[in-house]
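[1] Coordinates for the following, if possible.
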Amino acid sequence: KLGIWQRAIEMSRATPESRNRYVDFLRAVAILCVIFGHWTAAAAYPDGEGGLKITHLLDVTTKSHPFTWLIQVMPVFFFVGGFSNGVSWSAAKRKGTGYSIWLESRLRRLIAPVLVPLAAWIVMGGVAHLCGVSRPWIGTGSQLSLIPIWFLAVYLVIALLVPISHALWSRFGWLSFFGLAAIGGALDAGFFLCDLRNLAWVNYIFIWSAVHQLGYAWNDKQLEGKFRPLMLAGIGGALLCTLVFAGPYPLSMVSVSGDPVSNTLPPKITLLCLGCLQIGLLLSIQAPMKRFLSSVKPWAVTVLINGMIMTVFLWHMTVMILFVGAAHLMGDLGLGAIPNSPEWWWQKAIWLVVCTLGLLPAIALFGRFERPKAQLPGLAPLPAWRLAIGSILVCFGLALVAFSGISGDGPLGLRTLALLPPFLGAALTRRWGTERAPA
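    Take a look at the predicted model:
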């Protein structure tokens with residue numbers, strides 16, 4: 001039986017030359033930025049009264065805020081998602097595959113992996129409640145652990161809309177991008193000028209859809225060479241600097257507690273500008289990077305990371321929170337330093353190693369859930385309405401949990417309203433029979 005590295009080597013050698021390997025590389029680099037960024041920024045320390053205070057490096061020092069322009073990589077995820085969705089949807093149309101079959105294949109890869117940590121936290125939260133752990137502790141721990149699922153909640157909506165967004169790109173090209181950007185900017189104007197703060201939450205769709213359109217542009221060879229990517233980066237960077245340094249937007253591209261305005265809650269036009277800056281710079285070096293990735297070992301590493309990407313994304317914060325809780329029970333082992341002090345940074349280096357090692361069992365146990373079994377041939381497609389309703393239910397529940405955790409007034413101290421929809425939605429998107437398509 002081949003080991004994980006040997007399998008990655010074999011897969012890398014079997015990769016066709018036509019594959020854009022840089023897409024997978026960007027996805028792999030982005031996930032590493034997310035994981036190590038979250039682990040580094042988390043700051044837990046004793047509160048002096050026998051408890052534990054959990055804060056964020058961005059709350060401790062404003063000197064960390066400029067670095068968020070590097071580590072806020074959500075635009076990269078939606079960008080490569082646009083490329084991948086453009087490739088798969090175009091292929092589905094060429095083959096005559098319907099929307100239902102295409103959407104079902106995407107949902108099978110996205111929904112199953114997220115239900116596992118959610119179910120694990122339901123069990124842990126229920127047990128903790130029975131053991132007398134306070135609701136705020138359960139709520140905070142689960143919310144911090146499950147906050148990555150907000151991305152999947154939004155991405156599922158973006159995936160549902162791919163036929164529309166791709167048709168807009170095919171019909172209007174760059175105008176579809178500028179149109180979405182204009183709507184995002186208008187919602188920001190309403191936020192700042194008319195105090196339309198609730199309406200601004202719709203920008204989760206418009207801002208990230210605009211970034212997603214850039215993925216279509218890349219797939220259609222509209223961002224090749226150096227000139228166009230650098231022009232995109234220059235325009236995005238200039239607008240971003242103007243909005244931040246001469247406008248009402250904060251410097252940090254990640255939310256900071258206590259700040260009156262956040263670039264991410266809800267998403268602002270600054271994130272789209274940041275995405276243009278990042279994407280333009282990354283695409284300006286795609287030619288040498290593609291040559292680099294044509295070698296077996298660099299590509300094998302990329303394949304290896306992409307093969308476990310959902311697992312590490314969904315479990316990395318749970319691993320950290322469990323270790324922090326264990327350290328607190330052991331007399332605040334490794335938690336005594338003041339955040340951002342030299343001692344704290346030395347301890348943080350150790351914590352990064354510990355969390356990395358702790359993530360390995362999670363990969364071994366739960367990695368299988370992001371590799372769904374092959375679909376049986378000849379099965380009748382599920383109705384599109386059923387897949388859409390199921391996806392919306394999953395999105396609704398994931399969004400509630402991502403923002404507020406699992407603790408509530410329901411049985412076992414859980415938030416039933418937030419926790420039931422993802423499982424009900426998943427049931428709607430799953431095949432429960434083996435009915436074959438009519439001959």
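[2] Might you calculate how far stretch 296-307 sits from the centre of the chain?
    Relative to its chain's centre, stretch 296-307 lies at 20 Å (C-alpha atoms, centre = their mean, to the nearest Å).
[3] hey, where'd the strands end up in the stretch 1-150 of the chain?
    42-46, 52-56 (DSSP state E, counting those that start in this stretch).
[4] tell me the angle the last one makes with strand 42-46.
    An angle of 150 degrees separates the directions of strand 52-56 and strand 42-46 when computed by axes from the mean of the first three to the mean of the last three C-alpha atoms, to 10 degrees.
[5] Which strands or helices does strand 52-56 pack on?
    strand 42-46, helix 309-329 (3 or more C-beta pairs under 8 Å, 6 or more residues apart in numbering; DSSP states H and E). Using the backbone N, CA and C atoms, a C-beta is placed for each residue, glycine as well.
[6] same question for it, mean pLDDT?
    Rounded to a whole number, the mean pLDDT of strand 52-56 is 89.
[7] can you list the residues that contact stretch 51-64?
    Applying C-beta atoms under 8 Å, 6 or more residues apart in numbering, the external contacts of stretch 51-64 come out as 40-47, 65, 68, 140, 144, 251-252, 254, 256-258, 324, 328, 332, 335, 339-340.
[8] average pLDDT for the host helix or strand of residue 271?
    In this assignment (DSSP states H and E), residue 271 forms part of helix 269-283. Mean pLDDT, helix 269-283: 98.
[9] now the next helix or strand after it: how far from the chain's centre is it?
    Later in the chain than helix 269-283, the nearest helix or strand by DSSP H and E is helix 286-293. Relative to its chain's centre, helix 286-293 lies at 25 Å (C-alpha atoms, centre = their mean).
[10] Hey, what's the angle from helix 286-293 to helix 269-283? Just curious.
    Using the same axes, to 10 degrees: helix 286-293 against helix 269-283 is 60 degrees.
[11] Can you name every helix or strand that the helix or strand following helix 286-293 contacts?
    The helix or strand immediately downstream of helix 286-293 is helix 296-306, counting by DSSP H and E. Secondary-structure packing of helix 296-306 (3+ C-beta pairs under 8 Å, 6+ apart): helix 4-14, helix 21-41, helix 286-293.
[12] tell me the angle of helix 296-306 relative to helix 21-41?
    Going by the same axes, to 10 degrees, helix 296-306 makes 60 degrees with helix 21-41.
[13] CA atoms only: put helix 296-306 into PDB for me.
    Extracted in PDB, the C-alpha atoms of helix 296-306 (Å, rounded to 0.1, in the frame of the first residue of the first chain):
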ATOM      1  CA  VAL A 296       7.400  16.500 -10.000                       C
ATOM      2  CA  LYS A 297       8.100  17.400  -6.300                       C
ATOM      3  CA  PRO A 298       6.700  20.900  -6.100                       C
ATOM      4  CA  TRP A 299       3.600  19.800  -7.900                       C
ATOM      5  CA  ALA A 300       3.400  16.700  -5.600                       C
ATOM      6  CA  VAL A 301       3.400  19.000  -2.500                       C
ATOM      7  CA  THR A 302       0.600  21.100  -4.100                       C
ATOM      8  CA  VAL A 303      -1.400  17.900  -4.900                       C
ATOM      9  CA  LEU A 304      -0.800  16.700  -1.300                       C
ATOM     10  CA  ILE A 305      -2.100  19.900   0.300                       C
ATOM     11  CA  ASN A 306      -5.100  20.200  -2.100                       C
END
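[14] Could I get the contacting residues of residue 323?
    351, 354, 355, 358.
[15] Output the helix holding residue 271 as PDB, restricted to C-alpha atoms.
    Extracted in PDB, the C-alpha atoms of helix 269-283 (Å, rounded to 0.1, in the frame of the first residue of the first chain):
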ATOM      1  CA  ILE A 269     -15.500  47.400  -1.600                       C
ATOM      2  CA  THR A 270     -12.000  47.500   0.000                       C
ATOM      3  CA  LEU A 271     -11.900  43.700  -0.100                       C
ATOM      4  CA  LEU A 272     -12.600  43.700  -3.800                       C
ATOM      5  CA  CYS A 273      -9.800  46.300  -4.300                       C
ATOM      6  CA  LEU A 274      -7.500  44.100  -2.100                       C
ATOM      7  CA  GLY A 275      -8.400  41.100  -4.300                       C
ATOM      8  CA  CYS A 276      -7.500  43.000  -7.400                       C
ATOM      9  CA  LEU A 277      -4.200  44.000  -5.900                       C
ATOM     10  CA  GLN A 278      -3.400  40.400  -4.800                       C
ATOM     11  CA  ILE A 279      -4.700  38.700  -7.900                       C
ATOM     12  CA  GLY A 280      -2.900  41.000 -10.200                       C
ATOM     13  CA  LEU A 281       0.400  40.600  -8.500                       C
ATOM     14  CA  LEU A 282       0.000  36.800  -8.300                       C
ATOM     15  CA  LEU A 283      -0.900  36.500 -12.000                       C
END
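[16] Not counting its own residues, what contacts that helix?
    Contacts for helix 269-283 (C-beta under 8 Å, 6+ apart): 26, 69, 72-76, 78-79, 181, 184-185, 188, 207, 210-211, 214, 218, 223, 229-237, 239-240, 243-244, 249, 253, 263-264.
[17] hmm, back to that, so among the contacts of stretch 51-64, which ones count as buried?
    Among the contacts of stretch 51-64, those scoring as buried are 40-45, 65, 68, 140, 144, 252, 254, 256, 324, 328, 335, 339 (criterion: 16 or more other C-beta atoms under 10 Å).
[18] Can you give me the distance of residue 282 to residue 221?
    Plainly put, residue 282 is 16 Å away from residue 221 if you go by C-beta to C-beta, to the nearest Å.
[19] Same drill for those two, tell me which one is more crowded.
    residue 282 (20 against 8; other C-beta atoms under 10 Å).
[20] ok, the more buried one to residue 158 distance?
    20 Å.
[21] so where's this protein shaky on pLDDT?
    1-2, 374-378, 433-439 (pLDDT under 70).
[22] can you put the helices and strands packed on helix 296-306 in TSV and add distance to residue 418?
    What follows is those, written out as TSV (distance: least, C-beta to C-beta, whole Å):
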stretch	distance to residue 418
helix 4-14	35
helix 21-41	22
helix 286-293	41
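[23] burial measure for residue 294, as a count.
    12.
[24] Grab the nearest non-local neighbour of it.
    Closest residue in space to residue 294, ignoring its immediate chain neighbours: residue 21 at 7.4 Å, by C-beta to C-beta, 6 or more residues apart in numbering.
[25] same thing with residue 234?
    residue 280 is the one closest to residue 234 (C-beta to C-beta, 6+ apart), at 7.2 Å.
[26] list the buried ones in stretch 136-143?
    Of the residues in stretch 136-143, those buried (16+ other C-beta under 10 Å) are 138, 139, 140, 141, 142, 143.
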